[in-house]
Each structure stands twice: as structure tokens, then as C-alpha cells.
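1. return atomic coordinates for the entry below.
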Amino acid sequence: MAMDKGTQTIDLFQAIEEMKRISLAGGTFSMKFRKWNRQTRNGGDIVKVNAARVRPKASDEDISGSSYKLFFTDTETGLARVCWQPLIVEFNGRRTVLN
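-> Okay, the predicted model is just below:
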């Protein structure tokens, strides 16, 4: 974890691995990500999820680009959600960086 002008940061892929470990242990994590819709080419709004848990990802045959997406459950609402991994901007209060 690097320090950046007083703000704690974490490598995005390290954060995703940590998300998986927390989920396997039965815990939850918080994150923020930017919305993006490939069909409408619209997005940019920030979504905050207070208590998420990773769920199994779909195969690329079933869902296009699934290798680049994070499949998770919002445990506060019970909804199954998906976001693009590169658009995750925060994990447990730490800003993510893509190295």
C-alpha cells in the first residue's frame, strides 16, 4: 500500500484479491465505483456500496467481458450487482490505483 499526499491508496488488483478473501471469510467490504453503460456509452456517476460481498463471476461465453467485471452482492439490499473492475475508485476507504 502506497502513501499519496496523505491519502492511503491500494493497487486495484490487490484490492480485488482482498475483496475475495473478505468475502470467503463471510465478511463484507465497502467500495465506490463509477457507472458505465457500454450500450448507451453513458456513465460517470459514483456509486457507494457500504457492505458488499463478491459472488462467483460469469463466464465470458455467458456475459461479454466478464473477466473485467466484479460480480458482487450488495448485502444491504440483497441485490446482485456488477461493475467494471477498472472503474472501482475506492475500497474500504482507500483510493484504488491502477498500476
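
2. now the strands: where do they sit in this structure?
-> With strands called from DSSP state E, the chain shows them at 3-4, 7-11, 29-37, 42-54, 69-74, 79-84, 88-91, 94-97.

3. now those as a markdown table including distance to M19?
-> Using the backbone N, CA and C atoms, a C-beta is placed for each residue, glycine as well. Compiled in a markdown table, the strands of the chain are given as follows (distance: least, C-beta to C-beta, whole Å):
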| stretch | distance to M19 |
| --- | --- |
| strand 3-4 | 21 |
| strand 7-11 | 11 |
| strand 29-37 | 6 |
| strand 42-54 | 5 |
| strand 69-74 | 7 |
| strand 79-84 | 11 |
| strand 88-91 | 7 |
| strand 94-97 | 11 |
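
4. right, so of those strands, which gets closest to K20?
-> Ranking the strands of the chain by distance to K20, with C-beta to C-beta as the measure, places strand 42-54 first at 5.3 Å.

5. for the closest one, output the C-alpha coordinates as CSV.
-> Included here for strand 42-54 are C-alpha records, laid out as CSV according to Å, rounded to 0.1, in the frame of the first residue of the first chain:
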residue,chain,number,x,y,z
ASN,A,42,-23.1,6.9,-20.7
GLY,A,43,-21.9,6.9,-17.1
GLY,A,44,-19.6,8.6,-14.7
ASP,A,45,-21.9,8.7,-11.6
ILE,A,46,-20.3,7.4,-8.4
VAL,A,47,-22.0,4.5,-6.7
LYS,A,48,-21.2,3.8,-3.0
VAL,A,49,-21.8,0.3,-1.6
ASN,A,50,-21.4,0.1,2.1
ALA,A,51,-21.5,-3.7,2.6
ALA,A,52,-20.6,-5.8,-0.5
ARG,A,53,-19.6,-9.5,-0.9
VAL,A,54,-18.0,-10.9,-4.0
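
6. please consider this matter closed, and thank you.
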